[in-house]
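below are the sequence and a predicted model for it; my questions follow.
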2 protein chains.
Amino acid sequence: MTLSTQPYKGSRDFYPEDKRLQKYMFATMRKVVEKFGYEEYDAPILEPTELFASKTSAEIVNEQTYTFNDRGDRSVTIRTEMTPSVSRMVAGRRQELAYPIRWYSIPNIWRYERPQRGRLREFWQLNVDIFGIDGIEADHEAILVADSIMREFKAKRDMYTIKINSRQLMDTLFADYLKLSNTQSHAMAQLIDRMHKMEYAEFVATLDALFQPNQRENGETELLLNFLNLKTINDLPGELRVHPSVLELQVLMDLLIKSGVTNFEFDPTLMRGFEYYSDIVFEVFDTHPENNRAMFGGGRYDGLVGLFGVEPVPTVGFGMGDVTLQNFLESHNLLPELRTETDAYVILIGDVYERAQPIFREFRKLGARLAVDATGRKPDKQIKTAVKKGIHYAIFIGEKELADGRFVLKNLISGSDERHGVERTVSIIKDYRQNGEVDESD
Amino acid sequence: MTLSTQPYKGSRDFYPEDKRLQKYMFATMRKVVEKFGYEEYDAPILEPTELFASKTSAEIVNEQTYTFNDRGDRSVTIRTEMTPSVSRMVAGRRQELAYPIRWYSIPNIWRYERPQRGRLREFWQLNVDIFGIDGIEADHEAILVADSIMREFKAKRDMYTIKINSRQLMDTLFADYLKLSNTQSHAMAQLIDRMHKMEYAEFVATLDALFQPNQRENGETELLLNFLNLKTINDLPGELRVHPSVLELQVLMDLLIKSGVTNFEFDPTLMRGFEYYSDIVFEVFDTHPENNRAMFGGGRYDGLVGLFGVEPVPTVGFGMGDVTLQNFLESHNLLPELRTETDAYVILIGDVYERAQPIFREFRKLGARLAVDATGRKPDKQIKTAVKKGIHYAIFIGEKELADGRFVLKNLISGSDERHGVERTVSIIKDYRQNGEVDESD
């Protein structure tokens, strides 16, 4: 039987050009989060199944996990998100850690879904979490970090919007303002979370049906629909406008403006699916007409660490997926051209592989990244290979070069060549690596 | 029910200090392989199960895989090694790729084993492969890259040994010299592969039993045992000494010496478990008495890509695991002291979080990596946190500092402090990041 060369459905092979793009995205993320003092951690991709049950969204646990029994009959699950694992790790050293702690990770994550644009079964997700700050400063920092990453990718402020809401405000709205029962509130939250995935008329009908007849007669359906249409906290009815959760939203927005972030908006329809969010939630939206959807988000989840039998820790975090990010960067034309890391392709002329060994060592000792052809093919075939690989320089080594210690360095783009010793050659190729081609016609 | 804070058996949590060590190891590997022109790739951790069947060692497939059916009833396996995946990827673009190709990856890998020193269920493994060179130059380069990585970790030549053998020599020995049947040869190879895991007497008895009575009478048991005790190819019996596979071993060893590698030896007991090896095999041994075992290895496997229904590609590669490597570095005292990436801890005095935002931006724009405490605790508690985190500097910001734009920079190790503007402060902390503390008493 001939084996298929396709990767498993919904997952990706990363050929070097794909991996380069991924490394660029991850390096940019790392650069930003480390400027905010975040340290990288990691956890196993397999976790005991009970870690995910009841914490993640019900949809994910029931329909999207990769769960199975290991050879010792232990039920394990491939992680569907990183939050349960990082909460477990903090709980495991609850007493020893120095708070506030700032941690990040870029794990791969699996969800059994129907693959489509922006959604695959395997994806990577930057996870950024701050533990131990109960004030709004943590929420502010999380949004600021997310925004700074977008800016580091050269995104302009009109390319994305940051939507912000407060779960506590929603709880107050449901319980105190609309006098909904717990069951009604829960159903309402779940419905609103799905509203942008359904027709508006269907949404209104479903919402209306969740009210009791007397509530409906009181005009609560309209009240709620009007509320969901609000674009600013200033239009909230008086008693809600001064509710602590709204005053907190106000402080948060003032902080964002002070930090230079302007493209945010209050969005009362923003619920975030995960059950564990307890207060401020936010989501970054791609405004490009091709995408026009939530890219990633996060919020406060103060209760999760406490599930491990230790004292709870106030926590704010967000996750940023690689697939929607890459779509964003492509649609907005923000992807840089990325080159191979190999500086030069070494073309051997004649039978000199053995005698050239000390030369290769010298080049590499000085930091040059050299691929030696070593196939024994004719030089023109070797040059073709170098060009196909997109390598900028070729270095020719034959009898003559071994004898006089000077090597032909050929620029494969311009076609020009020059002859130098090892040190000068390395200095030229390193200069190109750092600064690119300098246009000499200027 | 209280959830456990332990990771799944045989896997590891990487707290920031652990992750730093892993990142140091991976960065060192990347630095070296990129100097040899290798480019990074990646593949999904889940693969269709048939990818592993019949290619990996039988022991791994039958006893150590994590295999299960997905929600669509497709049998999938968590990778137990990277070689089948990379072969699949090369086969998938067999015609388009520019040979020779040099690829590397540092995937995590899972095997259901009993956890013990040097062996865990989840580990990471540098995979280095060169496709498209059928000459001994590829084998030479693979060993040279492996050696260069060890040297980059500051390993001395007496800390490890590179053992080399030729599967073709073994085939010749079995078939032409000892006249063993195919079945006998296969059993013999498997037995020799296990010989260092059993008592010598038991090994000899089992080996003896694999011979036919007439072979035994001919003294073949002794012939084979003598052969397995050889330390150099020069002691091979005349007709084997000039066999092409041995002449090739000779060329390989000459090349290694020319490249500065001296700590290698011929080891006829080296088989390497994987079925797919077809010629030269090698293994790097840790000579430290605490470990004294194979750390990692590789060899030539020309037949694998062809299993995907395309023209075969000559291939040489090796895999280097993180667990045995870390044991090696620890036993030989080769681990450097690694510091947090955070340059400075910002301690706020009074209610200045909002007004300090533009200052934070300025610091970060210049490249400083700052963690802002933001808990509102008293300064002495904030300092304690910074010290516990091992951060080198603290920066104090209060009303006075906001007013005059100069900030106290406190060295938390020496206790000394100085007061500067943003630019000078960033220049000092960056200098420390790059060069460490300069002893001023010198």
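Noted; the coordinates are in hand.

contacts, neighbours, all on C-alpha from now
Will do.

for the stretch 201-350 of chain A, what are the low-confidence residue spans?
For the stretch 201-350 of chain A, the stretches with pLDDT under 70 are A:274.

go again with 90.
A:237-239, A:272-278, A:289-293, A:303-304 (pLDDT under 90).

strands of that one, start to end?
A:264-266, A:280-286, A:293-300, A:315-321, A:344-348 (DSSP state E, counting those that start in this stretch).

for the last one, packing partners?
Yep, that's strand A:344-348 we're talking about. Judged by 3 or more Cα pairs under 8 Å, 6 or more residues apart in numbering or on different chains; DSSP states H and E, strand A:344-348 is in contact with strand A:370-372, helix A:379-388, strand A:393-397.

switch the cut-off to 6 Å
The contact analysis (3 or more Cα pairs under 6 Å, 6 or more residues apart in numbering or on different chains; DSSP states H and E) places strand A:344-348 against strand A:370-372, strand A:393-397.

ok, now the fourth one?
Using 3+ Cα pairs under 6 Å, 6+ apart as the contact definition, the elements that strand A:315-321 packs against are strand A:122-131, strand A:293-300.

to B:Asp70, which of those strands lies closest?
Closest to B:Asp70 of the helices and strands packed on strand A:315-321, according to Cα to Cα: strand A:122-131, at 13.4 Å.

the helix or strand following the closest one: how far from the chain's middle?
Next helix or strand after strand A:122-131 toward the C-terminus (DSSP states H and E): helix A:136-152. Taking Cα atoms, centre = their mean, to the nearest Å, one finds helix A:136-152 lying 13 Å from the centre of the chain it belongs to.

how about helix A:136-152: buried residues?
Residues of helix A:136-152 classed as buried by neighbour count (16 or more other Cα atoms under 10 Å in any protein chain shown): A:136-150.

buried ones in stretch A:197-212?
By neighbour count on 16+ other Cα under 10 Å, the buried set for stretch A:197-212 is A:Phe203, A:Leu207, A:Asp208, A:Leu210, A:Phe211.

closest to A:Thr385 among those?
For the buried residues of stretch A:197-212, the minimum distance to A:Thr385 (Cα to Cα) is 58.7 Å, reached by A:Phe203.

leaving aside the residues next to it on the chain, what's closest to that closest one?
The shortest distance from A:Phe203 to any non-neighbouring residue, by Cα to Cα, 6 or more residues apart in numbering or on different chains, is to A:Met195 (6.1 Å).

likewise A:Arg369?
Nearest to A:Arg369 is B:Lys35, by Cα to Cα, 6+ apart, at 3.8 Å.

distance of that neighbour from A:Arg419?
21 Å (Cα to Cα, to the nearest Å).

out of those two, name the residue with the larger neighbour count.
Ranked by neighbour count (other Cα atoms under 10 Å in any protein chain shown), B:Lys35 and A:Arg419 place B:Lys35 first, with 26 against 16.

can I assume the more buried one is in contact with A:Ala371?
No. Using Cα atoms under 6 Å, B:Lys35 is not in contact with A:Ala371; the gap is 7.7 Å.

can you list the strands that the helix or strand where A:Trp103 lies pairs with?
Assigned by DSSP H and E, A:Trp103 belongs to strand A:101-105. Strands that pair with strand A:101-105, judged by DSSP bridges, come out as strand A:39-40 (parallel), strand A:122-131 (antiparallel).

buried ones in that strand?
If you call a residue buried by 16+ other Cα under 10 Å, then strand A:101-105 has these buried ones: A:Ile101, A:Arg102, A:Trp103, A:Tyr104, A:Ser105.

save the residues you listed as a markdown table, and put in pLDDT too.
Shown next, in a markdown table, are these (pLDDT from 0 to 100):
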| residue | pLDDT |
| --- | --- |
| A:Ile101 | 97 |
| A:Arg102 | 98 |
| A:Trp103 | 98 |
| A:Tyr104 | 98 |
| A:Ser105 | 98 |
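
and which of those is nearest A:Met253?
Using Cα to Cα, those come closest to A:Met253 at A:Arg102, 22.1 Å.

make sure the residue nearest to A:Phe203 is indeed in a strand.
No. Counting by DSSP: H, G, I helix; E, B strand; the rest coil, A:Met195 is not part of a strand but helix.

separation between it and A:Gly273?
12 Å.

what of A:Ile192?
10 Å.

same check on A:Leu173?
18 Å.

could you do A:Asp208 as well?
Here A:Asp208 is placed at a distance of 21 Å from A:Gly273 (Cα to Cα).

tell me the most buried of the strands paired with strand A:101-105?
Neighbour counts (mean count of other Cα atoms under 10 Å in any protein chain shown) averaged over each of those peak at strand A:39-40, with a mean of 24.

show residues contacting the helix or strand that comes right after it.
The C-terminal neighbour of strand A:39-40 among helices and strands, as given by DSSP H and E, is strand A:46-48. Applying Cα atoms under 6 Å, 6 or more residues apart in numbering or on different chains, the contact partners of strand A:46-48 are A:Val76, A:Thr77, A:Ile78, B:Tyr8.

from the stretch 251-400 of chain A, which residue is nearest to chain B?
A:Arg369 (3.8 Å; Cα to the nearest Cα).

that residue contacts A:Val346, correct?
No. Checked against Cα under 6 Å, the pair A:Arg369 and A:Val346 is beyond contact range at 10.2 Å.

make JSON lines out of the contacts of strand A:46-48 and add secondary structure, pLDDT and neighbour count.
Shown next, in JSON lines, are the contacts of strand A:46-48 (DSSP: H, G, I helix; E, B strand; the rest coil; pLDDT from 0 to 100; neighbours: other Cα atoms under 10 Å in any protein chain shown):
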{"residue": "A:Val76", "secondary structure": "strand", "pLDDT": "96", "neighbour count": "20"}
{"residue": "A:Thr77", "secondary structure": "strand", "pLDDT": "96", "neighbour count": "21"}
{"residue": "A:Ile78", "secondary structure": "strand", "pLDDT": "97", "neighbour count": "21"}
{"residue": "B:Tyr8", "secondary structure": "coil", "pLDDT": "96", "neighbour count": "20"}
